[in-house]
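> structure of the sequence below:
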Amino acid sequence: MALRPKHYELDVWKEAMRLARDVFDASQSMPDSERFGLQSQIRRSAVSVASNIAEGAGRGTRAEFRRFLQIARGSLTELDTQLWIAADMQWLQRSPAIVERLENVFRLINGLLRSDRKHGRV
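As a prediction, the model looks like this:
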């Protein structure tokens, strides 16, 4: 088995890191009353996406990498839902830049999962 790339070499990880930074910046404007509520939840979800990609890349098998990509994708959908809730509460705007980055991370994760499946790797 070929050596897996380091997580910081993966485009999906780089994009997830940018997403986390954008989410942290955008959530700064949320009410202080949400510091330990939805703001914290949003930030944890954003961090979880990049962290799970990194953890999966650091694992020894493709199966584990796939599993952690799936977990990252789950965190991404959590983040999307939390951003919708925050926007609905008018605590932050769903900026086009964040939405685009979120969708790009989703596409990149799905592409890696599809590629692995297509080549018979589990």
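> tell me the helices and strands packed up against the helix or strand that contains Q82.
Assessed by DSSP states H and E, Q82 sits inside helix 62-88. Counting contacts by 3 or more CB pairs under 8 Å, 6 or more residues apart in numbering; DSSP states H and E, helix 62-88 packs against helix 11-27, helix 38-58, helix 96-118. Quick note: C-beta positions are derived from backbone N, CA and C, even for glycine.
> from those helices, which stretch is densest packed?
helix 38-58 (a mean of 21; mean count of other CB atoms under 10 Å).
> what angle separates that one from helix 11-27?
Interaxial angle of helix 38-58 relative to helix 11-27 (axes from the mean of the first three to the mean of the last three CA atoms, to 10 degrees): 170 degrees.
> distance from helix 38-58 to the middle of the chain?
6 Å (CA atoms, centre = their mean, to the nearest Å).
> show me what it is in contact with.
4-8, 10, 12-13, 16-17, 19-20, 23-24, 27, 30, 34, 64-69, 71-72, 75-76, 78-79, 82-83, 85-86, 89, 91, 105, 109 (CB atoms under 8 Å, 6 or more residues apart in numbering).
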